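1. sequence plus predicted model, see below.
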Amino acid sequence: MTLKDVYSLLLSTGYPVAYRDYTGEVKKEVPKPPFMVYSVLGTDFDGGDMRKFIREQEINVELYTDGKNLEAEEAVDRLLIDLDPEKYESMVDEGFMLVRYTFTIRDYVPRKEGNLNG
């Protein structure tokens, strides 16, 4: 799974989705909740084989809702369950809820020709 796949998966909820935030380079207006932001917390490259590296990325998905919104939360739970996410929730502001999911995705990155030492 790639980061692009994660984005497409999140979009399938029908909720607005942005990378990192809504006020960054893209300058999207912050939508009314529920909405999501996602980001890469870290990336690790492993040896793989002679043709490709294994790339592991720790992904953070944040679902913002007005209060506890079980319908929105369950929609995201169903999408991410196969990725074995860790899930946390907290009250961000009065009546504003944040549900955070973290999980790891893996894909392959081709090695550059002649780069056999990693």
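-> It's in.

2. for the rest of this, base every contact and every neighbour count on C-alpha atoms.
-> Will do.

3. could you pull out the helices in the chain for me?
-> 3-11, 70-80 (DSSP state H).

4. buried residues in stretch 86-106?
-> For stretch 86-106, the neighbour count (16 or more other C-alpha atoms under 10 Å) marks M97, L98, V99, R100, Y101, T102, F103, T104, I105, R106 as buried.

5. all strands for the protein, in order.
-> 17-19, 35-46, 52-66, 86-93, 96-110 (DSSP state E).

6. would you turn those into CSV with mean pLDDT and distance to T2?
-> Formatted as CSV, the strands of the chain follow (pLDDT from 0 to 100; distance: least, C-alpha to C-alpha, whole Å):
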stretch, mean pLDDT, distance to T2
strand 17-19, 92, 14
strand 35-46, 92, 11
strand 52-66, 93, 9
strand 86-93, 92, 19
strand 96-110, 92, 6
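
7. of all those strands, which lies closest to L80?
-> Across the strands of the chain, L80 has its closest neighbour in strand 96-110 (8.5 Å, C-alpha to C-alpha).

8. ok, back up a step: and which of the buried residues of stretch 86-106 is nearest L79?
-> Distances from L79 to those, taken as C-alpha to C-alpha, are shortest for Y101 (11.3 Å).
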